[in-house]
Each structure stands twice: as C-alpha cells, then as structure tokens.
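coords please:
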Amino acid sequence: MSFENNKALGGIGAVLVAVGSVSPIIGIVGIVLVLIALKGLAEYYREDDIFRNALYGIILYIIGVIAASVISLVAIFRGILSRIISATTSVIRPESIAVTFLGAFVIAVIIMFVFCLVGVLLLRKSLEMLSAKSGETLFNTAGLLLLVGAILTIILIGVIFLLVAWIIIGVAFFSLKPQSASQSVSPPQPSSQSTHSSQ
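Numbers count the residues shown, from 1 in each chain. Sure, this is the predicted structure:
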C-alpha cells in the first residue's frame, strides 16, 4: 500500500482503538488496522523494528488479558461450586471461599498488569522509532501517555490516559508527511577526481 493509505489506516485504526473502550470488537479491528499501517510504514522507512516491537507488545498485552480472564473465570467457577457444596455441608466455610476468590482476583490483576506494562513498553519503543524516522513528535507524546496510563490502570484513572494516548496516535498518523527527495536519497559524495582538480 502507498504511504497515504498506511497513514489513513493508522489514523482510523487508532481512533477505533479509542472507541474500543465502549465496544471491544471495534477496538480489535482498530488494533489490526494500526498493525497493518505500522507494517507498511516500517517498510517505507526501512526500519523493521517499528512493526516488530508493536506486534510483540500487542501480543503480550493480549496474553495478559486472556490469562487474567481465565484465572478470574476459574476463580468464579470454583467459588460457585464451593458455595453449592458449603450450602449442603459444613465442610467449606463461606469465609474461605471469599479469601480464595480474592486471592485469585489479585493474582489475575498482577499478571495482567505485568504483561500489559511490558507490552506497552514495546509499543512505546515502536512509536519512538516511528517518531524518529518521520519527525512527528506526537508519537513520542502518545508513547509516554500510554506508559503512564498502563501504570495508572491499577487505580482505574489510567484508562483516561490510554484513551487520550490513542486519540493522539490517530492525530499523529494523519499528520504524517512523506519523505522529501532530499531525505530519501542521500546527497552524492564528491569524487576524488573533482577534489584533485579543485586543488
């Protein structure tokens, strides 16, 4: 795809990720569009790590969410089962059920936090590289906001930072400008013959 197509896909995808806080399916579509755009821009700027870091970061983020979801579902299922058993017998006390569920919930939150934080660090690295190659500083700003948001998600306020970060990423994509001829082609080096003739 052309540079303009990649920049449009990235901008639209980032906006969809921001909207994904309301509809997860839209967020997933947005992530896919952003990855496609980063793949194209990585080829355009000849820097594969732009795409690679983003891909690994998003994969880690997804793993963290899935692992936390599985642990939470298992804890809920065990809690329901234990509740049924305790209602018919006195083997299991309700207090122990609550402690078990709380412990599983804390473990799920920690696992998701660690995976998501590492994933965001990789995504931020991708955005910093894209910023360096393109000259668009908004990618740097968005990367910092993503990191702050990932850290503050533990107290929920981080969600606001993440939302703002993805909106800024969208603006940054739409603000991208193609490389000029002087940027894409290095100036010719003076030949040894011309150097001697000037002397």
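
and the helix or strand harbouring Ile62, average pLDDT?
Assigned by DSSP states H and E, Ile62 belongs to helix 49-88. Helix 49-88 carries an average pLDDT of 81.

buried ones in it?
Going by neighbour count (16 or more other Cβ atoms under 10 Å), the buried part of helix 49-88 is 50-58, 60-61, 63-65, 67-68, 71-72, 75, 79, 82, 86. Heads up, the C-betas are built off the backbone N, CA and C, glycines and all.

Tell me which other helices or strands the very next helix or strand once past it touches.
Remark: after helix 49-88, the chain's next helix or strand is helix 94-134, criterion DSSP H and E. Contacts defined by 3 or more Cβ pairs under 8 Å, 6 or more residues apart in numbering; DSSP states H and E place helix 94-134 against helix 24-44, helix 49-88, helix 138-152.

In the shortest one, which residues are buried?
Read that as helix 138-152. For helix 138-152, a neighbour-count test (16+ other Cβ under 10 Å) marks 138-150 as buried.

same deal with the first one?
Taking 16+ other Cβ under 10 Å as the basis for neighbour counts, the residues of helix 24-44 that come out buried are 26-27, 29-31, 33-42, 44.

which one of those residues sits closest to Ala8?
Nearest to Ala8 out of the buried residues of helix 24-44 is Ala37 (Cβ to Cβ; 8.1 Å).

For that closest one, give me its contacts.
6-7, 9-10, 13, 173 (Cβ atoms under 8 Å, 6 or more residues apart in numbering).

Just put those in TSV and tack on neighbour count.
What follows is the contacts of Ala37, written out as TSV (neighbours: other Cβ atoms under 10 Å):
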residue	neighbour count
Asn6	22
Lys7	24
Leu9	22
Gly10	26
Gly13	25
Phe173	29
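
Would you format those residues as CSV with distance to Leu127 included?
Shown next, in CSV, are the contacts of Ala37 (distance: Cβ to Cβ, whole Å):
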residue, distance to Leu127
Asn6, 15
Lys7, 14
Leu9, 16
Gly10, 11
Gly13, 14
Phe173, 11
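
Tell me how far whichever helix or strand Gly10 is part of lies from the chain's centre.
Assigned by DSSP H and E, Gly10 falls within helix 3-19. What separates the centre of helix 3-19 from the centre of its chain is 14 Å, taken as Cα atoms, centre = their mean, to the nearest Å.

follow-up on the earlier one: in TSV: the buried residues of helix 138-152, plus pLDDT and distance to Val118.
What follows is the buried residues of helix 138-152, written out as TSV (pLDDT from 0 to 100; distance: Cβ to Cβ, whole Å):
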residue	pLDDT	distance to Val118
Leu138	96	24
Phe139	97	20
Asn140	96	19
Thr141	96	21
Ala142	96	18
Gly143	95	14
Leu144	95	16
Leu145	95	17
Leu146	93	12
Leu147	93	11
Val148	93	15
Gly149	90	15
Ala150	87	9
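
of all those residues, which comes closest to Val22?
Distances from Val22 to the buried residues of helix 138-152, taken by Cβ to Cβ, are shortest for Gly149, at 16.8 Å.

Distance of the nearest residue to the closest one once chain neighbours are set aside relative to Leu147?
Excluding its sequence neighbours, the residue lying closest to Gly149 (Cβ to Cβ, 6 or more residues apart in numbering) is Phe161, at 3.1 Å. Distance of Phe161 to Leu147, computed by Cβ to Cβ, to the nearest Å: 9 Å.
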